[in-house]
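>>> any chance you can model this:
(chains A and B)
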There are 2 protein chains.
Amino acid sequence: MKRPPLTNLINALPTTVPFVGPETLERERRREFRARIGANENGFGPSPRAIAAMERAARDNWKYADPTSHDLIAAIASLHDVKPANVVVGEGIDGLLGLAVHMTVERGAAVVTSDGAYPTFNFHVASYGGALVKVPYLANREDIAGLAAAAERTGAAILYLSNPDNPMGSWWPGVDIQELVRRLPSGCLLCLDEAYIDTLPASARPLIDVEHPQVLRFRTLSKAYGLAGARIGYALGPVRLIQGFEKVRNHYGINRVGQVGALAAIEDQAYLAEVVAQIATAREQIGEIARAHGLEPLNSAASFVAIECGLDGAYAKRILDGLLARDVFVRKPSVAPLDRCVRVSCAPAGTLAIFAAALDEVMRSLRK
Amino acid sequence: MKRPPLTNLINALPTTVPFVGPETLERERRREFRARIGANENGFGPSPRAIAAMERAARDNWKYADPTSHDLIAAIASLHDVKPANVVVGEGIDGLLGLAVHMTVERGAAVVTSDGAYPTFNFHVASYGGALVKVPYLANREDIAGLAAAAERTGAAILYLSNPDNPMGSWWPGVDIQELVRRLPSGCLLCLDEAYIDTLPASARPLIDVEHPQVLRFRTLSKAYGLAGARIGYALGPVRLIQGFEKVRNHYGINRVGQVGALAAIEDQAYLAEVVAQIATAREQIGEIARAHGLEPLNSAASFVAIECGLDGAYAKRILDGLLARDVFVRKPSVAPLDRCVRVSCAPAGTLAIFAAALDEVMRSLRK
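Numbering: from 1, shown residues only, chains lettered A, B, ... in the order given. From the prediction side, this is the model:
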């Protein structure tokens, strides 16, 4: 038989995937999780208006969604006070990051990120043959100055930064991000992943001209809006970069029910504010649970809390495994020194009570 | 301001999109269509079980879908009597075609298709810098021998073929496709787009070893299954090529409601058989409507009928415009000589009655 006609680049890629889903773990364990707080899904759920809109839309799913996402983009543009031509909608931030790499990364081009930052971004860079340059975190934060210097030194095509940061929950005040934007080397695109910005106080958010030719800001309906399953993300950026997406995106890639649900969710900002308050409360609750067991919660502006377990990655892994064995789905950073933490998603009190009880058992067994 | 950091390849791409959606036309016209029969959506709709499953799933849309699509892939594998490792699920055939190009097309590589065949495939090839080689249709069919010869001559990375064909509705019997597979040049991937295979009699479908290293068969839930809005397509192929998709696909790109709906639809093969029969009836009805107005319906094995208007593309365009002006959404091929046709999607009798009345008015006005 002849060989499969893959390019050498694709043939050489590893087959590892960025994240194993909880369903795979459930099948392996032959038991369902009682608390699903590992993927930063939002257990408070989406606006009831979004649920109702999606229920109504199911019957119309024989029609393609509007490939221009006209109404959704109009709502997003209005929310951010930009033009519709400054917005592109995609299949989650993951999908849009892949397109951004496709649009900007020539084979062999340097791409700068933090060591331990979002692996799905790295996954896309690898599949386009980009050369990742990884800058270590500094005291649980991404090292903005180090990232800028690395981008300058390597002539990077992209500088990736998440703010608030995933997986640590840390953040830089808006003025620091604005300074990074001013210092961007020529020809370098800043991919600013703001999946968790809705839980960052408005006063801490950066002010960036949406027409800045080198900045794309990525947002999602998956986190604070509670619509992870809908796969709706969007990017804000200059018209010319947004037009670039139009040249490469899957125009009919957006599902109809998700598009309808996202519009209803964005139109219900009052509900979003309620959920953001609930998430803040849950952050406090997770912090208390951690402290009650001698663990140290990191300050977080995101919809999760990274909990410092006090020793190394191996110790944190024991805690993680203990929680998984007790039917609590959590995840942890995989790169040292971040890997000394476990990461817990904000969730309703009942879910966190299950987490607390499981953690209590785990810590008791570790002390034996 | 600095220039947007796009690659030269992307900068040079045109901004045209493959298909303008009916919603865009409706906004331009400031009036809704009464008959939506231009995008080969299936107005008979999906299985009621799929609708019920999607309605139930809306509430759970705060969770990501299973990124492995385990249950859906198991059902697909069972349906086709292959292993789950022979199946990949993606955001419609469009999304999967983009990934197939990403995996196999080096910049400058030749890619063979028919002149007038699926423009979305060409769109993906252009964005990866492939060099399209277009073979003319032969008597309303894709020229299999010509395609194979062109692939051989150019050392093509991909040979694209849709069977049944879109936009003409023609098809090759299974034995001819099997002969094409035998004649595939070394190193060339056959992308066999079988979006419309569910309406092709089983006896006419090709028998191809799913482990053939150079063949991917693309299927969709958008056509006979009536779930265009769900954005669920899949590819069948050898394990090593399917593993290639795992290296490049957006693992969390599938929406939860669509995944659930697709599973329910595939499990309801009795409903599919009913719809396939309704589509066959609708093909006859469209043919009768065409003939009643002196137009010639082409033989079709798909869920649409291409109607030969008797003169050239300009004349067919006048008929198309007349239908659009009367609130009937149809499309037509854009490349000569196929462009002498208009293409009408199968639909319930009430919808086709609207089409018939509008066509009657159009043809009367053209005779004046």
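>>> centroid residue for chain A?
In chain A, the residue lying closest to the centroid (Cα atoms, centre = their mean) is residue A:195, at 4.8 Å.
>>> quick check: closest non-adjacent residue to the closest residue to chain B within the stretch 101-250 of chain A.
Closest residue of the stretch 101-250 of chain A to chain B, Cβ to the nearest Cβ: residue A:229 (3.0 Å). Quick note: C-beta positions are derived from backbone N, CA and C, even for glycine. The shortest distance from residue A:229 to any non-neighbouring residue, by Cβ to Cβ, 6 or more residues apart in numbering or on different chains, is to residue B:256 (3.0 Å).
>>> how many neighbouring residues does that neighbour have?
Per other Cβ atoms under 10 Å in any protein chain shown, the neighbour tally for residue B:256 reads 25.
>>> try the one 4 residues further on
Residue crowding around residue B:260 was assessed by other Cβ under 10 Å; the count is 27.
>>> residue A:186 too?
The tally of other residues near residue A:186 (other Cβ under 10 Å) stands at 10.
>>> if you drop the residues flanking it in sequence, what lies closest to residue A:160?
Nearest non-adjacent residue to residue A:160, counting by Cβ to Cβ, 6+ apart: residue A:113, 4.3 Å away.
>>> where does that neighbour land in three-state SS?
strand (DSSP: H, G, I helix; E, B strand; the rest coil).
>>> wait, doesn't the residue nearest to the centre of chain A sit right on residue A:221?
No: in this structure, residue A:195 is not within contact of residue A:221 by Cβ atoms under 8 Å, at 10.0 Å.
>>> residues contacting the nearest residue to residue A:5 once chain neighbours are set aside?
Leaving aside its sequence neighbours, residue A:5 sits nearest to residue B:189 (Cβ to Cβ, 6+ apart; 4.5 Å). Counting by Cβ atoms under 8 Å, 6 or more residues apart in numbering or on different chains, residue B:189 makes contact with A:4-5, B:100, B:104, B:157-159, B:214-216, B:241.
>>> how about residue A:190?
When contacts are counted by Cβ under 8 Å, 6+ apart, residue A:190 touches A:158-159, A:161, A:180-181, A:184, A:214-216.
>>> that one belongs to a strand?
Yes: the assignment for residue A:190 is a strand, going by three-state DSSP.
>>> what parts of the stretch 251-368 of chain A come near chain B?
With Cβ under 8 Å from any Cβ of the partner chain as the criterion, the stretch 251-368 of chain A comes near chain B at residues A:251-258, A:261.
>>> can you give me the helices for the stretch 101-250 of chain A?
With helices called from DSSP state H, counting those that start in this stretch, the stretch 101-250 of chain A shows them at A:119-127, A:144-154, A:174-182, A:239-248.
>>> need those in a markdown table with mean pLDDT, distance to chain B and mean neighbour count, can you?
Formatted as a markdown table, these follow (pLDDT from 0 to 100; distance: least, Cβ to the nearest Cβ, whole Å; neighbours: other Cβ atoms under 10 Å in any protein chain shown):
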| stretch | mean pLDDT | distance to chain B | mean neighbour count |
| --- | --- | --- | --- |
| helix A:119-127 | 97 | 5 | 22 |
| helix A:144-154 | 98 | 11 | 18 |
| helix A:174-182 | 98 | 11 | 16 |
| helix A:239-248 | 96 | 4 | 20 |
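>>> for those helices, give me a markdown table that also has distance to residue A:75.
Below are these laid out as a markdown table (distance: least, Cβ to Cβ, whole Å):
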| stretch | distance to residue A:75 |
| --- | --- |
| helix A:119-127 | 26 |
| helix A:144-154 | 32 |
| helix A:174-182 | 24 |
| helix A:239-248 | 16 |
